[in-house]
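Asks: model the following, please.
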Amino acid sequence: MDDLTLRERIRQLSSPLAPRPTEAQPVLPRLADIRAVVFDVYGTLLVSASGDISLATEGAPAAAAIEALTALGVAPPADGEELAARLRATIEAAHAASPSNTPEVEIREIWRDVLAEFNLQPSAHQIEQLAVQYECRVNPVWPMPGMVDVLERIAGSGRQLGIISNAQFFTPLAMEALTGESLEQLGFAPDLSEWSYDRREAKPGAFLYHRCAEALAARGLQPAQTLYVGNDMRNDVWPAQQVGFRTALFAGDQRSLRLRTDDPQVAGVIADAVVTELPQLLQLLD
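Replies: Here you go, the predicted model:
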């Protein structure tokens, strides 16, 4: 199935989703000499029903696997609970086999291996459609209010835009499907966009951040000239600060805000700014 058809499927399976306000208060200092803004996706640019990409959540509805297979005209080889358990076990095995401390999987390979256990060998296109059908059911997403306008205004100011996200192949497709614009049209530079599935490395590991910092350096930009925006103190703010980025905690949705006050890794970590709506980012950059 080509990307256009997958985007169409994502649009069909998606409906408006509003963020749930938090009790956080904005902290909006003027951040001087910011020449690049890099974003997390789930829970920051996209409202996420589960608060994060589905692979990061526990207890995904077992019914989603049955519904996704049925939508493809494939008879489910087992009940939903077993399929969900096999999916989780296959992901855990892939993590254990990785040399990384913060590994990422390629979900198409995971679905292929799960179905192979039941002697099913769907085509690559069918696996992609299955992954989309499942993800849209388990973790519905929708653009965060003001997302497109904010991105266009930041890009229009001459600043570079990038992404560092725990993601799968369907993540950029979802952004394009739900905005009607390509990532490039939204202002994102491909060389400044780091997707975990592509590198087989996930956050909170700093690998993706270092890769992005290297790409920024190739453009003559220093880490301190880069603002990273994310909703998770451990996965976003902490590793971004490790490579020298300025940071803004996005605290605009109860579902996705991860303060992690009981996590010793982020003890003493303070974001440079706190925004409760994406348009507030523009105040930081004035």
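
Asks: show me this structure divided up by domain.
Replies: Annotated domains of the chain cover 3-52+141-285, 58-138 [automatic domain parsing].

Asks: adding mean neighbour count and mean pLDDT, write the ones you listed out as CSV.
Replies: To be clear about C-beta, it is placed using only N, CA and C from the backbone, and glycine gets the same treatment. Shown next, in CSV, are the domains of the chain (neighbours: other C-beta atoms under 10 Å; pLDDT from 0 to 100):
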stretch, mean neighbour count, mean pLDDT
domain 3-52+141-285, 19, 97
domain 58-138, 17, 92
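
Asks: any idea how far Glu109 is from Ala131?
Replies: Noted for Ala131: a distance of 10 Å to Glu109, by C-beta to C-beta, to the nearest Å.

Asks: following the top helix by length along the chain, which helix or strand shows up next?
Replies: Identified as the longest helix of the chain according to DSSP state H is helix 80-97. Scanning forward in sequence from helix 80-97 by DSSP states H and E, the next helix or strand is helix 107-116.

Asks: relative to its centroid, which residue of this structure is most remote?
Replies: Asn119 (31.7 Å; C-alpha atoms, centre = their mean).

Asks: which strands and helices lie in contact with the longest helix of the chain?
Replies: Counting contacts by 3 or more C-beta pairs under 8 Å, 6 or more residues apart in numbering; DSSP states H and E, helix 80-97 is packed against helix 62-71, helix 107-116.

Asks: can you say which of those is nearest to Arg88?
Replies: helix 107-116 (9.7 Å; C-beta to C-beta).

Asks: give me the residues contacting stretch 203-211.
Replies: 100-102, 164-166, 194, 196, 199, 201-202, 228, 232, 234-236, 238-240, 242-243, 245, 265 (C-beta atoms under 8 Å, 6 or more residues apart in numbering).

Asks: out of these, which sit inside helices?
Replies: Using DSSP H, the contacts of stretch 203-211 in helices are 196, 199, 238-240, 242.

Asks: those: which two are farthest apart?
Replies: Going by C-beta to C-beta, the pair spanning the ones in helices among the contacts of stretch 203-211 furthest: Arg199 and Trp238, at 18.6 Å.

Asks: for Ala213, which residues are in contact?
Replies: Contacts of Ala213 (C-beta under 8 Å, 6+ apart): 223, 226, 243-245.

Asks: can you tell me how far Gly268 is from Pro26?
Replies: Taking C-beta to C-beta, one finds Gly268 at 21 Å from Pro26.

Asks: circling back: out of the ones in helices among the contacts of stretch 203-211, who's nearest Arg30?
Replies: Of the ones in helices among the contacts of stretch 203-211, the one sitting nearest to Arg30 (C-beta to C-beta) turns out to be Ala240, at 19.1 Å.
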